[in-house]
Each structure stands twice: as structure tokens, then as C-alpha cells.
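1. here's my sequence, what's the structure:
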Amino acid sequence: MLFDTHTHINAEEFKEDFDDVLERADDAGVTNMIVVGFDEQTIQDAVKIIETYDYIYGAVGWHPVDAIDMTDDHLRWIEELSQHPKVVAIGEMGLDYHWDKSPADVQKDVFRKQIRLAKKVNMPIIIHNREATDDIVQILQEENAEDVGGIMHCYSADLETAKTCLDMNFYISFGGPVTFKNAKLPKEVAKEIPLNRLLVETDCPFLSPHPYRGKRNEPARVKLVAEQIAALKGISYEEIVQITSDNAKQLFSLK
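-> Modelled structure (predicted):
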């Protein structure tokens with residue numbers, strides 16, 4: 001019953017062996033996943049996937065790295081797609097100060113517009129944060145993002161920030177980095193997050209967990225993330241699978 005809450009199986013990296021990837025996910029016990037579209041092409045591909053596979057749901061939004069490319073027409077398109085019966089979240093959205101393609105002020109504007117859209121259509125949001133924690137929190141607070149809540153995707157900030165996000169109605173999702181041997185902070189934070197606000201993900205094809213670090217990631221490896229979280233929490237693997245799957249279904253309003 002594993003639920004991978006963040007995949008990019010719509011990426012080019014999966015074109016050659018897409019069916020095999022899904023089969024390995026099934027063998028690993030992955031019964032649901034979210035495929036995230038974050039620009040024009042990946043949104044189109046995400047919609048094709050969710051219309052083909054019953055157990056895969058979609059999120060549509062605009063990535064901060066590409067914020068400079070987003071037009072008002074794109075925003076209207078995302079709003080239209082939010083009415084698709086299998087689109088369950090808006091995102092990923094947020095801020096990314098690692099790359100310099102889109103200026104910070106443009107990223108912030110696009111971020112705010114997407115939060116406001118999510119509130120308009122009453123859907124949770126998926127937050128991408130890279131080297132921008134303080135600004136992300138400030139914008140979420142200023143835009144009253146707690147009205148819809150959502151996911152702090154592939155969480156990497158500290159515990160204090162996590163508590164602030166929990167107070168704003170967000171779930172904390174962990175991916176491959178929580179399994180890395182030198183990843184003290186994600187492990188420390190994961191131990192403290194309440195069970196009812198925990199999620200697991202792969203962010204595939206990125207951030208493959210140990211012992212596959214540096215290789216292409218895929219949904220089947222969310223099992224390794226769940227095993228690590230279970231060990232950190234001192235509960236059984238079966239419990240963490242059930243809990244994180246139930247959390248995802250509640251967040252995304254799935255039966």
C-alpha cells in the first residue's frame with residue numbers, strides 16, 4: 001500500500017522502460033503515486049499518464065526554475081486542469097535560488113499567483129524549496145496558504161521550520177536523502193514529525209536513496225525511504241506504509 005507522493009515518471013529518463021518501471025513499483029508494493037507536471041511539456045505528459053493508469057494521480061503547476069517562462073495563459077490552463085477528476089494538487093511551486101534562470105522577484109510572483117489559484121480552486125499545494133526557506137515561509141504566511149495546506153516536498157530544512165509548516169496545515173514529505181549515511185538533519189527532523197503528518201516520496205528520477213545514490217531513481221525505491229522512516233520512528237515497516245498511505249489519501253481527498 002505504498003503511496004509515492006512525488007514522481008516525475010513523465011520525464012525523458014523513463015521513456016525507454018516505462019512499463020518495466022511501473023512493474024517494479026507494483027512488485028515493491030507501490031499501489032498509488034502522484035506524477036507531477038511542472039512546465040508545458042511535463043504537464044501534458046502527466047495528463048496522458050493519469051488518464052491511462054487508474055492508480056496514478058496528477059499534480060499540475062509551474063516550477064520556480066522556469067518561472068520566467070510562465071504566462072497568464074499557462075496559469076489559466078493550470079486552473080482548467082485543476083478540474084480534471086484525477087488532478088489532486090497544484091504544484092510543484094515555490095522558490096529555487098540554486099539556479100539562476102529565473103530572477104527571485106519573478107519566482108516570488110509566480111509562486112504567489114499559484115497559491116492564490118490553489119485557494120480559488122480549493123486544492124492542496126506542493127512546495128519546492130531549494131536554498132529559499134525563509135522566503136518560502138514568509139510567502140506562505142502572507143498568502144494564508146494554510147487555507148489549503150499541502151506538502152513540503154522532499155523536506156530538507158530544520159525542525160523549527162518544519163513545526164512552522166505543520167502549523168500552516170502542511171504535511172512533511174521525505175525522499176531519498178533521509179537514507180543517506182551523512183544526512184543527519186533529515187533523520188533528526190523525521191524522528192520528530194507527527195505520524196499523522198508524514199509522507200514518503202521518491203522525486204524520481206532524482207535523489208535515489210541509498211544504496212542507489214547517484215543512479216536514476218524510480219517509484220519502487222520509495223520502499224527504502226519508508227523502511228528508513230520506520231527505523232527512525234521505531235515502528236514496523238507495515239505501520240509506516242499504512243500511515244503514510246492513509247495520510248496521502250486524506251490530503252488528496254482520495255477514497
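2. C-alpha only now, for contacts and for neighbours.
-> Fine.
3. list phi and psi for A248.
-> Dihedral angles of A248 (phi, psi; degrees, to the nearest 10) stand at phi -60, psi -40.
4. residue contacts, it?
-> F3, T5, L199 (CA atoms under 8 Å, 6 or more residues apart in numbering).
5. which of these has the most neighbours?
-> When neighbours are counted by other CA atoms under 10 Å, T5 leads the contacts of A248 with 33 neighbours.
6. show me the helices in the chain, by range?
-> Under the criterion DSSP state H, the chain carries helices at the ranges 18-27, 40-50, 72-81, 104-121, 133-142, 159-167, 184-192, 222-233, 237-251.
7. pick the most buried one from those helices.
-> For those, the largest average neighbour count (mean count of other CA atoms under 10 Å) is found in helix 222-233, namely a mean of 22.
8. okay if I get the helices of the chain as CSV plus distance to P205?
-> Below are the helices of the chain laid out as CSV (distance: least, CA to CA, whole Å):
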stretch, distance to P205
helix 18-27, 11
helix 40-50, 13
helix 72-81, 23
helix 104-121, 24
helix 133-142, 23
helix 159-167, 25
helix 184-192, 20
helix 222-233, 12
helix 237-251, 21
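9. want to try TSV for those, with mean pLDDT and distance to H63 as columns?
-> Listed next are the helices of the chain as TSV, based on pLDDT from 0 to 100; distance: least, CA to CA, whole Å:
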stretch	mean pLDDT	distance to H63
helix 18-27	98	23
helix 40-50	98	10
helix 72-81	98	12
helix 104-121	98	9
helix 133-142	98	14
helix 159-167	98	20
helix 184-192	97	23
helix 222-233	98	22
helix 237-251	98	21
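10. that older thread, from the contacts of A248, which ones fall inside strands?
-> Residues of the contacts of A248 located in strands (DSSP state E): F3, T5, L199.
11. from the residues you listed, which single one is nearest F14?
-> T5 (17.6 Å; CA to CA).
12. tell me how far the closest one lies from V36.
-> Distance, T5 to V36, by CA to CA, to the nearest Å: 9 Å.
13. then W77?
-> 15 Å.
14. can you check R116 too?
-> R116 is 19 Å from V36, by CA to CA.
15. how about G214?
-> G214 is 21 Å from V36, by CA to CA.
16. give me the pLDDT value at D100.
-> In this model, D100 is scored at 86, pLDDT.
17. let me see the contact set for it.
-> By CA under 8 Å, 6+ apart, D100 lies in contact with V65.
18. phi, psi of it?
-> The phi/psi pair for D100 (degrees, to the nearest 10) is phi -120, psi 20.
19. the top strand by length along the chain versus helix 133-142: what angle between them?
-> Longest strand in the chain, counting residues (DSSP E): strand 87-96. If you take axes from the mean of the first three to the mean of the last three CA atoms, to 10 degrees, strand 87-96 sits at 130 degrees to helix 133-142.
20. how close does the closest residue to M123 other than its chain neighbours get to I127?
-> Counting by CA to CA, 6 or more residues apart in numbering, M123 lies nearest to A89, which is 5.5 Å off, once chain neighbours are set aside. Distance, A89 to I127, by CA to CA: 11 Å.
21. got it, and T164?
-> Distance of T164 to I127, computed by CA to CA: 14 Å.
22. what does V110 give?
-> Using CA to CA, which is the criterion applied here, V110 is 13 Å from I127.
23. check contacts around M168.
-> M168 makes contact with Q141, A145, E146, G149, according to CA under 8 Å, 6+ apart.
24. which pLDDT value goes with the third one?
-> Think E146. For E146, the model assigns a pLDDT of 98.
25. would you agree it is in contact with Y171?
-> No. Between E146 and Y171 there is no contact under CA atoms under 8 Å: 11.1 Å.
26. between those two, which has more neighbouring residues?
-> Y171 (27 against 18).
27. what pLDDT does that one get?
-> Reported pLDDT for Y171: 98.
28. next one: K255
-> Reading off the model, K255 has pLDDT 81.
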